[in-house]
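**Q** give me coordinates for this.
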Amino acid sequence: MTLHFFLTTAIILSISLNIILLFRLRKKRKQLLKYSSQLQKFRDLSTKLRDIVVQREETFYKNLHELSIGFLKNVKKSYLITFDGEYGQVVSALGDTSAKEKKVRKIDLPYSVERVYLVEKDKLSAIFEPSLDTSVTSDTSSKKILVTDIHIGGELKGKLLIERDEPFVSDEIDTIKSLSGFLTSFMATHSYVTSQGKFQKDMILTIIRILEYHDPYTKGHSKNVANLASLLAEKLGLSDELIRKTYWAALVHDIGKIVIPSTILNKEGKLTIEEFEIIKKHPVYGHDFLSTSADLRELARYVYHHHERWDGKGYPSGLSGEDIPLISRIIAVVDAWDAMRSSRPYRKGLSKEEALKELIEHSGIQFDPNIVRTFVKLIREHLVD
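**A** Sure thing, here's the model as predicted:
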């Protein structure tokens, strides 16, 4: 009887231990699968962030925000905030569209030494302006918000705030802590790329200002063409990188005119054959100027070909059709549009309908027909004046 009791007890204990071991193994397996899944997410995130770091400001922050909160489930509201000086702004918001582009006070929440921490929702009134979002600042519940502070060079440059109905567990907080390193490094990289671009843009705008003194009737033309060309590139479905290149190439497309005599540029009457041949050299001069910089050689190519024609009768190379670089074809359409709409010493600018008629009539002859169709849609949608 005693032996039977011990055998039965041993069997029960053995079964119990096996169940516990199986449970632990299953739990460990789930953890391994979870960690493996998170690792893959971080790998994917790294690849995606490399792609978005050169995007325009609004697109960059929106994508960075969406990628970040993708690691958590059931997020109700979230804000990505950037700071410049004493105040910042909400650059991306989820679940609260009224928060965009509002002022936010630059205050370190002194509730934790961690860069990722939980804070009571009512404490956020110290950060937000009263007019920002009453659903955030007037809520006195004990609900906690997950906060990630983003420091670059020892200075608070951003905050990621995440709110949901259920509490955050330690595993999720650890995941966001790991993510904070990605946020910091990619925001720093984007900031550097943006500042470099701003310096380059300021230098180019200075040169364009000199060109406008040289040829006052082109004042504002370069900026108009750059803005319209990038809008058209976006409508054509080009990547953010190509949209950016389109903008820069369009901004400098006439830079070669700086060495064309002003007497020819500002002549009120019809140009002679010899004078027109000199004018036709400006894409070549522009290409030569830009080619001195390794960073601008690709733009130089687009500038060189922006007066080519779809039928091959343009200059300087006589390229035709799709042999002409796409960005050059975009600039050609927008450049012609802005030139037709602008008044010159010898003629008044065309009306919108007159300029539109000219574009359509020369589609497939002077201009890429697909680009003209898309640009006409922009005009019909009143996105282009």
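
**Q** now do residue 78 against residue 241, distance only.
**A** 27 Å (C-beta to C-beta, to the nearest Å). No exception for glycine: its C-beta is placed from N, CA and C like everyone else's.

**Q** who has more neighbours, these two?
**A** Legend: neighbour count by other C-beta atoms under 10 Å for residue 78 and residue 241, higher for residue 78 (23 against 11).

**Q** my read: the more buried one touches residue 161, true?
**A** Yes - the pair formed by residue 78 and residue 161 meets the contact definition of C-beta atoms under 8 Å, at 6.3 Å.

**Q** residue 247 sits in which helix or strand?
**A** helix 240-251 (DSSP states H and E).

**Q** other SSEs contacting that helix?
**A** In terms of contacts (3 or more C-beta pairs under 8 Å, 6 or more residues apart in numbering; DSSP states H and E), helix 240-251 is packed against helix 170-214, helix 221-235, helix 297-304, helix 326-341.

**Q** what residues of the second one count as buried?
**A** By neighbour count with 16 or more other C-beta atoms under 10 Å, helix 221-235 contains the buried residues 221-222, 224-235.

**Q** tally of neighbours for residue 348?
**A** 8.

**Q** what pLDDT does it get?
**A** The model reports residue 348 with a pLDDT of 81.

**Q** strands of the stretch 51-200 of the chain, residue ranges please.
**A** Counting by DSSP state E, counting those that start in this stretch, the stretch 51-200 of the chain has strands at residues 77-84, 87-94, 103-105, 116-120, 144-152, 155-163.

**Q** in JSON lines, list those strands along with distance to residue 358.
**A** Converted to JSON lines, these look like this (distance: least, C-beta to C-beta, whole Å):
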{"stretch": "strand 77-84", "distance to residue 358": "44"}
{"stretch": "strand 87-94", "distance to residue 358": "41"}
{"stretch": "strand 103-105", "distance to residue 358": "47"}
{"stretch": "strand 116-120", "distance to residue 358": "59"}
{"stretch": "strand 144-152", "distance to residue 358": "50"}
{"stretch": "strand 155-163", "distance to residue 358": "48"}
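
**Q** tell me which helix or strand of this structure sits lowest on mean pLDDT?
**A** Ranking every helix and strand in the chain by mean pLDDT, DSSP states H and E puts helix 134-137 at the bottom, with a mean of 46.

**Q** out of the strands of the stretch 51-200 of the chain, which comes closest to residue 312?
**A** Across the strands of the stretch 51-200 of the chain, residue 312 has its closest neighbour in strand 87-94 (46.3 Å, C-beta to C-beta).

**Q** the closest one pairs with which strands?
**A** Each strand paired with strand 87-94, and its direction, by DSSP bridges: strand 77-84 (antiparallel), strand 103-105 (antiparallel).

**Q** lowest average pLDDT across the ones you listed?
**A** strand 103-105 (a mean of 75).

**Q** give me the distance between residue 145 and residue 94.
**A** Going from residue 145 to residue 94 by C-beta to C-beta gives 13 Å.

**Q** swap that for residue 293, sorry
**A** Taking C-beta to C-beta, one finds residue 293 at 41 Å from residue 94.

**Q** how about residue 253?
**A** Taken as C-beta to C-beta, the span from residue 253 to residue 94 is 39 Å.

**Q** between those two, who's got more neighbours?
**A** More neighbours surround residue 253 than the other of residue 253 and residue 94, with 29 against 18 (other C-beta under 10 Å).

**Q** are we agreed that residue 318 is in a helix?
**A** No - applying DSSP: H, G, I helix; E, B strand; the rest coil, one finds residue 318 to be coil, outside a helix.

**Q** so the nearest residue to it once chain neighbours are set aside: helix, strand or coil?
**A** For residue 318, ignoring the flanking residues on the chain, the nearest one in space by C-beta to C-beta, 6 or more residues apart in numbering is residue 312 at 5.5 Å. What three-state DSSP gives for residue 312 is coil.

**Q** next one, pLDDT for residue 125 please.
**A** 65.
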